[in-house]
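>>> Requesting a structural model of the entry that follows:
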Amino acid sequence: QSQFVESGGGLVQPGGSLRISCAASGFSLDHFSIGWFRQAPGKEREGVSCINVKGDSPTYDDSVKGRFTISRDNAKNTAYLQMNNLEPEDTAVYYCAADLHFFCQGYALDEYNYWGRGTQVTVSS
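Purely as a prediction, here's the structure:
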């Protein structure tokens with residue numbers, strides 16, 4: 001059974017950091033670009049960052065540029081999102097997704113083949 005499971009979410013104060021992870025089982029990430037998305041209450045799911053199969057040329061939404069870093073470890077079949085200088089506006093459920101393309105194709109939700117169930121990130125004092 002193919003699964004994509006996020007972990008590492010939690011409660012953090014403004015200005016703090018978190019690293020969330022996304023581990024795949026039942027399939028190999030070697031042929032997938034990886035996207036991170038988030039969905040805040042009452043809002044649509046939005047793309048945050050994407051990384052291609054090779055692990056270079058990451059893309060970021062303007063709202064997180066300079067604060068978030070996406071990475072992947074194909075040997076561990078895992079992707080990561082390092083989030084620094086977190087703001088209350090970053091509060092959301094964060095999802096990872098896998099797209100069967102070498103390069104990132106953007107953040108259209110139906111472009112992605114596999115989705116995780118999400119991990120909650122709450123930024124609050």
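
>>> beta partners for residue 99?
With DSSP bridges as the criterion, residue 99 is bridged to residue 33.

>>> Give me the most central residue, the chain.
residue 36 (2.4 Å; Cα atoms, centre = their mean).

>>> Just the element for that residue, please.
According to DSSP states H and E, residue 36 maps onto strand 33-39.

>>> Tell me which helix or strand comes right after that strand.
strand 46-51.

>>> got the angle between that next one and strand 33-39?
160 degrees (axes from the mean of the first three to the mean of the last three Cα atoms, to 10 degrees).

>>> Going by neighbour count, list what's buried in strand 46-51.
By 16 or more other Cβ atoms under 10 Å, the buried positions in strand 46-51 come out as 47-51. Glycine gets a C-beta too; all of them are placed from N, C-alpha and C.

>>> again, but for stretch 74-82
74, 77-81.

>>> And stretch 58-69, by the same measure?
Neighbour-count burial for stretch 58-69 [16+ other Cβ under 10 Å]: 58-61, 64, 68-69.

>>> lowest-pLDDT helix or strand in the chain?
Every helix and strand in the chain was compared by mean pLDDT, DSSP states H and E; the lowest is strand 3-7, with a mean of 89.
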